[in-house]
Structure formats: structure tokens, C-alpha cells
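*Asks:* 3D model of this:
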Amino acid sequence: MSAADACAIGVGAVCGALSRYQVGRVAADKIAKNEKLQAFAGWHTAGINVAGSFALGAITAFPSSPLSLGDPGIRPAVKTLSLSKPTSLQHRIHLSPRTKLMLGIGFCGSFTTFSTYSVDIMNMIHKGETAKACAYGFTNNAAGVIAAFAGYAIVRKFFRF
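*Replies:* Next up is the predicted model:
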């Protein structure tokens with residue numbers, strides 16, 4: 001891994017962690033202030049994980065292009081096109097491998113959080129809420145996988161990759 005790749009992952013990780021904290025704090029505050037939402041206390045972590053899974057699926061769907069890395073050993077997933085000629089959208093949009101590292105491993109990796117999810121389940125079980133813990137675990141995992149597929153499929157369909 002190059003120093004530039006490590007820096008890209010670090011920048012993405014800082015942004016993802018700060019976003020996760022802010023989204024979690026805002027969601028927890030809104031849930032705490034609304035009696036109708038009290039049943040969803042703790043579920044904001046699942047929402048964050050599902051959103052991150054969707055984002056990672058979408059990021060994965062974009063073709064890669066090594067143009068910013070300058071590595072002659074890697075071939076672009078799309079042809080390099082002249083910017084003077086209008087082309088279809090799928091031939092113009094790509095993410096460099098470094099951008100995918102920053103957004104995927106860095107941002108999504110720190111935005112989603114398996115450790116908080118695990119502690120949430122542990123706390124539910126300690127409170128005697130075993131059925132809720134099972135539902136939470138199943139929902140988080142199933143919705144995360146479905147969201148990843150959805151993000152991937154939507155980007156592929158929209159950009160016609």
C-alpha cells in the first residue's frame with residue numbers, strides 16, 4: 001500500500017467516523033424526544049449500518065479507472081475517451097482505485113460499526129429483550145445485504161454499467 005492510499009483511507013475514515021457519530025447522536029436525540037419512537041431506541045445503529053451497506057454497494061458498482069494512480073500495469077475498466085466528444089454517461093463516470101479505497105474502506109468502514117451493533121444486541125439480551133435482540137440482529141444483517149445489492153443495482157441501472 002502506498003502512502004497516498006493510506007492517507008486516502010485515513011481521510012475517508014475520519015469523515016466516516018465523524019458522520020457516524022453525528023448521525024447517531026441526532027437519531028438518538030430525536031428518538032429520546034419522541035414517545036412514539038421509544039420502541040426504536042438503539043435501532044439507529046442498524047439504520048446507519050444499512051445506509052453504509054447501501055453506499056458500499058453503490059461504490060462497488062462504479063467501474064474503476066487507474067488514471068489517477070499512473071500505474072501502467074492496470075488497465076482502465078472503461079476506455080479513455082476524449083473529453084471533447086460527448087459520450088454516454090457510463091463511459092465518463094468512474095472511480096479511481098484510490099477513491100474506492102477512501103470511500104469504501106475509509107468512509108464506509110468507519111461509518112458502519114459492527115462493534116456498536118454487537119454491544120446493542122448484548123445490552124438487549126441483558127435487559128431480557130431476547131426476542132428484540134434476535135429481530136434486531138436478523139434485520140440488521142438481512143437489510144444490510146439487501147441494501148448492498150440495492151445500491152449496486154441502482155448505480156448499475158442508472159449509469160447503465
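*Asks:* C-alpha from now on. contacts and neighbour counts both.
*Replies:* Will do.
*Asks:* Centre-most residue in this protein?
*Replies:* Centroid-nearest residue in the chain, with Cα atoms, centre = their mean: Gly52, separated by 2.9 Å.
*Asks:* what's that one in contact with, if anything?
*Replies:* Counting by Cα atoms under 8 Å, 6 or more residues apart in numbering, Gly52 touches 108, 111-112.
*Asks:* Rank these by pLDDT and give me only the lowest.
*Replies:* pLDDT across the contacts of Gly52 is lowest for Thr112, at 93.
*Asks:* these two touch, right, that one and Phe54?
*Replies:* No - using Cα atoms under 8 Å, Thr112 is not in contact with Phe54; the gap is 10.8 Å.
*Asks:* Which of the contacts of Gly52 sits closest to Val155?
*Replies:* Cys108 (16.7 Å; Cα to Cα).
*Asks:* since we're on Ser2, how many residues are nearby?
*Replies:* Around Ser2 there are 8 other residues, counting by other Cα atoms under 10 Å.
*Asks:* Quick check, Ala153 in contact with Ala61.
*Replies:* Yes - if you go by Cα under 8 Å, Ala153 and Ala61 touch, sitting 7.5 Å apart.
*Asks:* So which of the two has more stuff around it?
*Replies:* Ala61 (22 against 18).
*Asks:* Tell me how far the more buried one lies from Ser110.
*Replies:* In this view, Ala61 and Ser110 are 20 Å apart by Cα to Cα, to the nearest Å.
*Asks:* Kindly report the same for Thr99.
*Replies:* 15 Å.
*Asks:* what do you get for Ile121?
*Replies:* From Ile121 to Ser110 the distance is 19 Å (Cα to Cα).
*Asks:* Gly137 now?
*Replies:* In terms of Cα to Cα, Gly137 sits 19 Å off from Ser110.
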